[in-house]
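In: how would this look folded up:
(2 chains)
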Amino acid sequence: MVSAPEHLLALVGLGLLLGLGGRAVSDESLVLVVPLALAAGVGIARVAALASPDRYLLVLSLLAVGGLVAAALPIARSWLACLVVGAGGLHGVANGAALPPELSMAAFAAGVALAGFLLVVYAAELARRARAFWARTAVRAVGSWIAATGVLVLGMPR
Amino acid sequence: MTRLFVVALALLVTGPAWAHSGAGDVGGFAAGLLHPVSGVDHMLAMIAVGMWGAQLGLPLIWLLPVTFPLVMALGGLLGGLGVPLPAVEPGIAASVLVLGAMVALAFRPPAWVAALIVGMWAIFHGYAHGAELPAGADAFTYGLGFVIATGLLHLVGIALGSIIRWPAGVTALRAGGAAICAAGLWLLVG
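Out: The predicted structure is shown next:
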């Protein structure tokens, strides 16, 4: 489920955003918040029988995450935490809403959380190691591509 | 040798195993990926952006290709929503002409002017693509393919522009820009 492009882009974008801060992934506790938020979202969607969030909400997360990576502005840690919890939870709900009833929620949530964690860790470490000017700009370019994909989706017929 | 022959023969007669066929809407991604390369006018303009960026050097070599897809997506949004924009096709042809001329003249404006020039023409390209967005395709996979293709075309332009490190390459790059400019003129009057 995490492999769907809307989730993949958001998680890669979150990882890049966390990595742009320059802290080592092993020191970055927010990296651990992402899988927790994803798992919580899956659980909430299943328990409350929520429908998948509106496409525009998912696009909004792409715009926020991609735009912040592209801008590479310093962000307060509290705001970053809100974004991680909000985006992680939202995409967790989207995954949980698509969970077939015959599947185990715990196993599914664990799988989604693990896949999300790996994506975020790899993206964060990649961004953290991007020290050269061109490498940091390439990371920002990827952010702009994530945001551009979101903008383009807004104009597409449902 | 016999083993190698047997392996080669086995590979030749075996059909590919399409694991996960259809997963993630491959058609939407492929359609998005192919859309920007389906028109020579779009291709030339995007390659010219990369060439101009390479000519201008840091930081514009990277900033122009960042600007173009983002503003183009805004144009796509306008096109998708049906917001009227006059003279779209002449605008696209003019963009090929102007961007080619920028490379041919080795024009070096301030960074914000260069970004403005690129962004202004990106609106026309995005609008044309947005107005043609297929209703059936998955929005996210299509959009992702579309943006990646656009970025890769810029990278082609940057790669072509890297010939600027050789003295003859400076002239060759400007000649390439002149050729794109001429193509833009042909598109405009043709």
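In: flag every residue of chain A that's near chain B.
Out: Contacts of chain A with chain B, taken as Cβ under 8 Å from any Cβ of the partner chain, map to A:3-6, A:9, A:55, A:70, A:133-134, A:137-138, A:140-141, A:144-145, A:147-158. Bear in mind the C-beta positions are built from the backbone N, C-alpha and C, glycine included.
In: just give me the neighbour total for the residue of chain B found nearest chain A.
Out: Distances between chain B and chain A by Cβ to the nearest Cβ are smallest at B:Gly80, namely 2.4 Å. Look at B:Gly80: counted by other Cβ atoms under 10 Å in any protein chain shown, it has 23 neighbours.
In: that one contacts A:Leu154, doesn't it?
Out: Yes. Here B:Gly80 reaches A:Leu154: they are 7.4 Å apart, a contact under Cβ atoms under 8 Å.
In: does B:Leu34 lie in a helix or a strand, and which?
Out: Taking DSSP states H and E as the criterion, B:Leu34 maps to helix B:26-34.
In: average pLDDT for the helix or strand just after that helix?
Out: Using DSSP H and E, the helix or strand that follows helix B:26-34 in sequence is helix B:40-56. Taken as a whole, helix B:40-56 has a mean pLDDT of 90.
In: what comes up buried for helix B:40-56?
Out: Neighbour counts over helix B:40-56 (16 or more other Cβ atoms under 10 Å in any protein chain shown) mark B:41-56 as buried.
In: before we move on, back to that, how about the helix holding B:Leu34 as CSV, C-alpha atoms only?
Out: Presented in CSV, the C-alpha positions along helix B:26-34 are these (Å, rounded to 0.1, in the frame of the first residue of the first chain):
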residue,chain,number,x,y,z
VAL,B,26,1.6,1.5,-14.8
GLY,B,27,-0.4,2.9,-17.7
GLY,B,28,-0.9,6.2,-15.9
PHE,B,29,2.8,6.5,-15.2
ALA,B,30,3.8,5.6,-18.7
ALA,B,31,1.2,8.0,-20.2
GLY,B,32,2.5,10.8,-18.0
LEU,B,33,6.1,9.9,-18.7
LEU,B,34,5.5,10.0,-22.5
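In: in whichever strand or helix holds B:Leu77, which residues are buried?
Out: Using DSSP H and E, B:Leu77 falls within helix B:60-81. The neighbour-count check on helix B:60-81 (16+ other Cβ under 10 Å) flags B:60-80 as buried.
In: which other helices and strands contact whatever helix or strand comes next after it?
Out: As assigned by DSSP H and E, the chain's next helix or strand after helix B:60-81 is helix B:88-104. Applying 3 or more Cβ pairs under 8 Å, 6 or more residues apart in numbering or on different chains; DSSP states H and E, we find helix B:88-104 packed against helix B:40-56, helix B:111-131, helix B:167-189.
In: so the first one, near chain A or not?
Out: It stands for helix B:40-56. No. Helix B:40-56 is not in contact with chain A by Cβ under 8 Å from any Cβ; minimum separation 11.1 Å.
In: tell me what angle that helix forms with helix B:167-189.
Out: Put simply, helix B:40-56 runs at 150 degrees to helix B:167-189, going by axes from the mean of the first three to the mean of the last three Cα atoms, to 10 degrees.
In: please report how far the nearest residue to A:Ala81 once chain neighbours are set aside lies from chain B.
Out: Leaving aside its chain neighbours, A:Ala81 sits nearest to A:Leu30 (6.1 Å; criterion: Cβ to Cβ, 6 or more residues apart in numbering or on different chains). Distance from A:Leu30 to chain B, counting by Cβ to the nearest Cβ, to the nearest Å: 25 Å.
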